[in-house]
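S.K.: Got a predicted structure plus its sequence, pasted below:
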Amino acid sequence: MKIHFFDRTALEQRLKLSDVLHVVESVYRSKAQGNTVVWPTVTHNFEDRGAVMDIRSGYDRGSEVYGAKLLGTFPQNEKMGLPPFSGILVAMDGRTGLPKGIMDASFITSMRTGAAAAIGAYALARPKSETLLVLGTGRQSLFMIGAALTAMPRIKTVYCAEPMNAEAAKPYAAACEEKLHSMFGFDARDVSFIPVGDLAESVWKSDIIITITRSTKPLIRREWVKSGTHLSCIGADMPGKEEIDPAILHDAVVYVDDVDQCVEAGECELAIKGGFMTREHIAGQIGEVLLGTKPGRTGTEEITVFDATGLALLDLAVAKRIVDESGSDPAHSIEL
């Protein structure tokens, strides 16, 4: 029995954003066709140290892969020179039950999360959208920007906002072009990266908004959002998290990655509990829009929201691609 092992460096050398975008879109389509199973998420808050962990798992019948991902976010690690975000991904063969691969989960998570946000925008935003606001300047935000620019080359202005410290957006925006090139090989010389001082003004100017924070209270108010705006909400991936005014969801056409999961732990969770919407208000899964079985946006004045809580199915599909492409590479496999 041969098992493949990949650390973060090996994955960085193999994965391209364009490939991950393709894989994530394929999984969303497969899920909308009923070919996947999402198993319940396990979460735990380490309240004494401000840390969280979660275990996500699932099975894709189409590609015959199942498995689980265990992630931990421990912000205090940075003070000790340790990564604050780490995890392990285990992919299993759905036909035999044998392990296919064990690998670092942090890089795959960042890549597929960026791809998910971008696909939500690609599917639901107005086709001629040119301005993007990314709310959050943490480790995953550059993956949001890189994936969005890859999927939607019409974007020429990116507003960079850090809700906890507006000043932090200035060096972040200044470094975006160089970091996008070094991380993804992306040429962003034609894109303007603008640090946000006035969040309300930047929200109003933006065609597309991607939120990627750890917030537990709304950061974007309903009155700031103009007609026709699309929002990909990514940060609210556990119970109690919330990034946007629930009144936005009330007025929007809402699509999700998984209905049950978003009702329990996405932007939809608190909006439903607060009486701003019901489960029935959710228009469908993003995969249904990609398949053409649901309309998505039906007018230029609609506000659209993609609520994505994160699916292990995406990680597993990326992992399977890596294993399949590696073949019998002895540098990354062992016999057991």
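M.R.: That came in fine, so what should we check first?
S.K.: sec struct for Ile210, please.
M.R.: strand (DSSP: H, G, I helix; E, B strand; the rest coil).
S.K.: err, Val90, not the other one
M.R.: Classified using three-state DSSP, Val90 is strand.
S.K.: For it, give me its contacts.
M.R.: The contact partners of Val90, taken as CB atoms under 8 Å, 6 or more residues apart in numbering, are 67-69, 99, 101-102. The C-beta positions use only the backbone N, C-alpha and C, and glycine is treated the same way.
S.K.: what's the spacing between the most centrally placed residue in the chain and Val134?
M.R.: Note on the chain: the residue nearest the mean C-alpha position is Thr113, at 2.6 Å, using CA atoms, centre = their mean. Distance of Thr113 to Val134, given as CB to CB, to the nearest Å: 12 Å.
S.K.: if we can go back for a sec, show me the contacts of Val90 that map onto strands.
M.R.: In strands, defined here by DSSP state E, the members of the contacts of Val90 are 67-69, 99, 101-102.
S.K.: closest to Ala121 among those residues?
M.R.: Ala121 lies nearest to Lys69 out of those, by CB to CB, at 23.9 Å.
S.K.: which residues does the closest one contact?
M.R.: Contacts of Lys69 by CB under 8 Å, 6+ apart are 55-57, 87-90, 105, 109, 312, 315-316.
S.K.: hmm, try it at 7 Å
M.R.: Shown in contact with Lys69 (CB atoms under 7 Å, 6 or more residues apart in numbering): 56, 87, 89, 105, 312, 315.
S.K.: And it, how close does it get to Ser86?
M.R.: Lys69 sits 11 Å away from Ser86, going by CB to CB.
S.K.: for Ala161, phi and psi?
M.R.: phi -130, psi 140 (degrees, to the nearest 10).
S.K.: That one reaches Leu199, doesn't it?
M.R.: Yes. Ala161 is in contact with Leu199 according to CB atoms under 7 Å; the separation is 5.7 Å.
S.K.: quick one, strands of the stretch 101-250 of the chain?
M.R.: 131-135, 157-161, 192-195, 208-211, 216-220, 230-233, 242-244 (DSSP state E, counting those that start in this stretch).
S.K.: Which positions within the fourth one qualify as buried?
M.R.: Just to be clear, that refers to strand 208-211. Neighbour counts over strand 208-211 (16 or more other CB atoms under 10 Å) mark 208-211 as buried.
S.K.: Then stretch 63-82?
M.R.: Per 16+ other CB under 10 Å, stretch 63-82 contains these buried residues: 63, 65-74, 77.
S.K.: repeat for stretch 281-295
M.R.: Quick answer for stretch 281-295 (16+ other CB under 10 Å): 282-290, 294.
S.K.: Apart from its chain neighbours, what residue comes closest to Lys241?
M.R.: Among residues not flanking Lys241 along the chain, Thr216 sits closest, at 5.6 Å (CB to CB, 6 or more residues apart in numbering).
S.K.: er, Ser227 actually
M.R.: Spatial nearest neighbour of Ser227, excluding adjacent residues (CB to CB, 6+ apart): Glu301 at 4.3 Å.
S.K.: Now the phi/psi pair for that neighbour, please.
M.R.: Backbone geometry at Glu301, expressed as degrees, to the nearest 10, gives phi -90, psi -10.
S.K.: Just flag the most distant two among the contacts of Val90.
M.R.: The most widely separated members of the contacts of Val90, counting by CB to CB, are Lys69 and Pro99 (13.9 Å).
S.K.: first to last residue in stretch 123-136, what's the distance?
M.R.: 22 Å (CA to CA, to the nearest Å).
S.K.: hmm, who's touching that stretch?
M.R.: By CB under 7 Å, 6+ apart, stretch 123-136 touches 141, 144-145, 148, 152, 154-163, 202-203, 205-213, 219, 228, 230, 235, 255, 286, 289-290, 296-297, 300, 304, 306.
S.K.: Could you list the buried residues of that stretch?
M.R.: In stretch 123-136, counting by 16+ other CB under 10 Å, buried: 123-126, 129, 131-136.
S.K.: Most widely separated two among the residues you listed?
M.R.: Of all pairs in the buried residues of stretch 123-136, the most separated under CB to CB is Arg126 and Gly136 at 22.8 Å.
S.K.: how far out from the middle of the chain is the top helix by length along the chain?
M.R.: For the chain, the helix with the greatest residue count under DSSP state H is helix 106-124. On the basis of CA atoms, centre = their mean, to the nearest Å, helix 106-124 sits 4 Å off its chain's mean C-alpha point.
S.K.: what mean pLDDT does it have?
M.R.: In this model, helix 106-124 has an average pLDDT of 97.
S.K.: How about stretch 24-41?
M.R.: For stretch 24-41, mean pLDDT is 96.
S.K.: Show me what counts as buried in that stretch.
M.R.: Judged by neighbour count (16+ other CB under 10 Å), stretch 24-41 contains these buried residues: 24-32, 36, 38, 41.
S.K.: Let me know whether Gly58 touches Pro40 as I believe.
M.R.: No. Gly58 is beyond contact range of Pro40, at 10.2 Å (criterion: CB under 7 Å).
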